[in-house]
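>>> Here is my input, please return the structure:
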Amino acid sequence: MKKIIMIISLTVLVVFSPVLYLIYKFAFTGPISDDEFQKKLPSIVKNLETKVEGNGKETLVFIHGYPDSLEMWDKQAEYFKKEYTVARFTLPGFELKDNGERPHYSIKQIRMIIDGYIKSLERGKVTVIAHDWGAFYASQYLKQNDLVDRVVLFDVGSFGEEKQPVINVKYTFALAVAWTLPELLGEKLALYTADKILGFPNVDSNKTIEDFRPDTRMTYPYWHLWNSILTKRISKATPVEEYGTPFLFIYGKDKSVWFHAESWVKDLHDKNKGQVEAVPGGHWFMLSSPDLVNQKVAAWLEAN
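I've put the predicted structure just below:
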């Protein structure tokens, strides 16, 4: 009898060990404490990979998302630096060259790093132009604030009260799990997620899986997203009626995976809280149609 119980116990342990491992990683591991983070914040901001070009009176701050870096904005920087000061930085851990570090900052902490970078420019209020996770972080500025006077978000908006599409739930959770795994396994899962679960052609037909960077050092935002969901600590998005900053939302219309809800767009129109533009291309439309996108943004900046 004891032998049977032992066999059953070992079987249960083997079967459920991956689940227990994930529960442990999500529940008992995390970033540095807020107190320690506050002490290190000036150093974190100082050591960001940055680039500032142009000498215009107005400043544009570009924020990329996953799995990109400041280089993603080269075509926008080349265009806007003639009239504006263009500032951009790479999110911690997203550098093209792996420096061996594994930043692990929460959503709140990344937003504080962005605030710190904007303040360090000493340019007064700036315009933020952001894509993907950068757009998610920058959505904090939609509410009237002391740092940003205009917001342009690319392709990632809000779902409002709607549920996230199933595919979005699947791929974000898979990338969250990738963060918890040993690096080699994590990279394989990240690559599988992009190729098989999400499918790059579904997101942007101008991109191939060869363009994808599978480094798991960049997947910590997904870990924090799901950690906050599972622990029921996720903060609600700013309601449309509370938007107080001039706002432009541009999205690529040629994709089958969406990162905003049409009901949210309708809400923006009904409450006159932002301008919305659809452009040819997928998730990275600013790379496939740079001239069109740059001209649309420039016209909106001029009018606002």
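>>> okay, CA-based contacts and neighbour counts for the rest of this
Noted.
>>> OK, contacts around residue 31?
104-106 (CA atoms under 8 Å, 6 or more residues apart in numbering).
>>> Please parse this protein into its domains.
With domains defined by automatic domain parsing, the chain comprises 1-30, 34-164+227-303.
>>> List the contacts of residue 194.
Here residue 194 is in contact with 171, 200, 209, 212 (CA under 8 Å, 6+ apart).
>>> How about the backbone phi and psi for it?
phi -70, psi -40 (degrees, to the nearest 10).
>>> follow-up on the earlier one: what subset of the contacts of residue 194 is buried?
171, 200, 212 (16 or more other CA atoms under 10 Å).
>>> Mind checking which of these are in helices?
Members of the buried ones among the contacts of residue 194 lying in helices (criterion: DSSP state H): 171, 200.
>>> Looking at the buried ones among the contacts of residue 194, spot the one nearest residue 75.
residue 212 (19.3 Å; CA to CA).
>>> picking that back up, of the contacts of residue 31, closest to residue 196?
residue 104 (26.5 Å).
>>> Assign the closest one to helix, strand or coil.
Judged by DSSP: H, G, I helix; E, B strand; the rest coil, the three-state class of residue 104 is coil.
>>> How about the one 5 residues further on?
Local secondary structure at residue 109 is given as helix here, using three-state DSSP.
>>> can you count the residues close to it?
Number of residues near residue 109 (other CA atoms under 10 Å) recorded here: 18.
>>> again with residue 32
15.
>>> Please verify my assumption that it contacts residue 109.
No. Counting by CA atoms under 8 Å, residue 32 does not reach residue 109; the two are 9.6 Å apart.
>>> Identify the residue spatially nearest to the spatially most central residue of the chain, adjacent ones excluded.
The residue lying closest to the centre of the chain (CA atoms, centre = their mean) is residue 133, at 0.8 Å. Spatially, and ignoring its direct neighbours in sequence, residue 133 is nearest to residue 65 (4.3 Å; CA to CA, 6 or more residues apart in numbering).
>>> Let me know the helix or strand that the one you found is in.
Here residue 65, judged by DSSP states H and E, is contained in no helix and no strand.
>>> Export the buried ones among the contacts of residue 194 to TSV and append columns for distance to residue 99.
Listed next are the buried ones among the contacts of residue 194 as TSV, based on distance: CA to CA, whole Å:
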residue	distance to residue 99
171	27
200	27
212	19
